[in-house]
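Asks: For reference, the sequence and a predicted model appear below.
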Amino acid sequence: MSQKTLKQLAAEKALTYIKKGELLGVGTGSTVDCLIALLPEVRHLIDVVVSSSERSTEQLIQLGFEVAPLTDIEKLTLYIDGADEINAQLQMIKGGGAALTREKIVAAHADQFICIADQSKYVETLGKFPLPVEVIPMAVGHVQRELNKLGEARVRSNVITDNGNPIIDVFGLNITEPLALETHINQIVGVVTNGIFAHRPADLLVLATDQGIETIKA
């Protein structure tokens, strides 16, 4: 099956986890685009919806949803998002779409975090996908020098996050200790956050494969 078809299947399965009275957080990315397009089918089940990016917010508004600011929400019952890579422990690399900071914030509010992905995203070891790091603008030089001690750090061209910050991508990593590396990078002065989701991994992975849907729990 094509990657597009697999993403659609993962989104359709994720829809079945949305229950009546849901306080729903929605992530960002091509697989989440498929999910957002399906949400009108379960509009009657959703009490509140919040978004992790301006891109997803626009899509939700176009479908007639009122998107609540997260500052008004104490907790979410469910957060659904994709991943650029995810391992068997449901630790992830996210941020290919430059929404990693808001995604981490929304995930931190959620009782349950479901990751939806196609089989190409499921890996034994994180790091083949470049690791995104969001950085305060004045700290770009310092952070890049520090990240170059870990791999090859490149400022992502012509990309500014919804928070007004640049992204540095780190290439050539083999992340055998995601928890430790997430902590280490976040302690570099000038880093807003990095795209390792290990301290808050997914609770459930809905993985679309050529053989069908697999569900993997943390």
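Replies: Received it, and whenever you're ready, just let me know what you need. Residues are numbered from 1 along each chain as shown.
Asks: List the residues that contact the nearest residue to Ala11 once chain neighbours are set aside.
Replies: Leaving aside its sequence neighbours, Ala11 sits nearest to Cys34 (CB to CB, 6 or more residues apart in numbering; 3.7 Å). Backbone N, C-alpha and C define where each C-beta goes, glycine included. Contacts for Cys34 (CB atoms under 8 Å, 6 or more residues apart in numbering) come out as Lys7, Gln8, Ala10, Ala11, Glu12.
Asks: Any chance of TSV for these, columns distance to Glu177?
Replies: Listed next are the contacts of Cys34 as TSV, based on distance: CB to CB, whole Å:
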residue	distance to Glu177
Lys7	30
Gln8	34
Ala10	28
Ala11	32
Glu12	35
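Asks: just to revisit the earlier point, what separates the strand or helix carrying the residue nearest to Ala11 from the chain centre, distance-wise?
Replies: Assessed by DSSP states H and E, Cys34 sits inside helix 30-38. Centroid separation between helix 30-38 and its chain, computed with CA atoms, centre = their mean, to the nearest Å, is 13 Å.
Asks: Helices of the chain, residue ranges please.
Replies: Shown for the chain, the helices assigned by DSSP state H span residues 3-15, 30-38, 54-62, 100-108, 140-147, 178-186.
Asks: So in that sheet, which strands flank the lengthiest strand in the chain, and in what orientation?
Replies: When the chain is parsed with DSSP state E, its longest strand is strand 110-118. Here strand 110-118 is paired, per DSSP bridges, with strand 76-81 (parallel), strand 204-209 (parallel).
Asks: which of those is buried the deepest?
Replies: Counting by mean count of other CB atoms under 10 Å, strand 76-81 has the highest mean neighbour count of the strands paired with strand 110-118, with a mean of 24.
Asks: and that strand, C-alpha only, in PDB?
Replies: Provided in PDB are the C-alpha atoms of strand 76-81 (Å, rounded to 0.1, in the frame of the first residue of the first chain):
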ATOM      1  CA  LEU A  76      -7.100  17.100  27.900                       C
ATOM      2  CA  THR A  77      -8.500  13.600  27.900                       C
ATOM      3  CA  LEU A  78      -6.800  12.700  24.600                       C
ATOM      4  CA  TYR A  79      -4.100  14.000  22.300                       C
ATOM      5  CA  ILE A  80      -3.600  12.500  18.800                       C
ATOM      6  CA  ASP A  81      -0.400  13.300  16.800                       C
END
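Asks: hang on, the earlier thing: now what about the longest strand of the chain, what contacts it?
Replies: Residues from elsewhere that reach strand 110-118, judged by CB under 8 Å, 6+ apart: 3, 6-7, 10-11, 13-14, 17, 25, 31-32, 35, 75-83, 86, 90, 92, 107, 200-209.
Asks: Compute the inter-axis angle for that strand and helix 100-108.
Replies: 130 degrees (axes from the mean of the first three to the mean of the last three CA atoms, to 10 degrees).
Asks: mind listing what's buried in strand 110-118?
Replies: Neighbour counts over strand 110-118 (16 or more other CB atoms under 10 Å) mark Ala110, Phe113, Ile114, Cys115, Ile116, Ala117, Asp118 as buried.
Asks: okay, those residues in CSV with pLDDT and distance to Gly164 next?
Replies: As requested, the buried residues of strand 110-118 are exported to CSV (pLDDT from 0 to 100; distance: CB to CB, whole Å):
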residue, pLDDT, distance to Gly164
Ala110, 98, 25
Phe113, 98, 26
Ile114, 98, 29
Cys115, 98, 27
Ile116, 98, 28
Ala117, 97, 29
Asp118, 96, 31
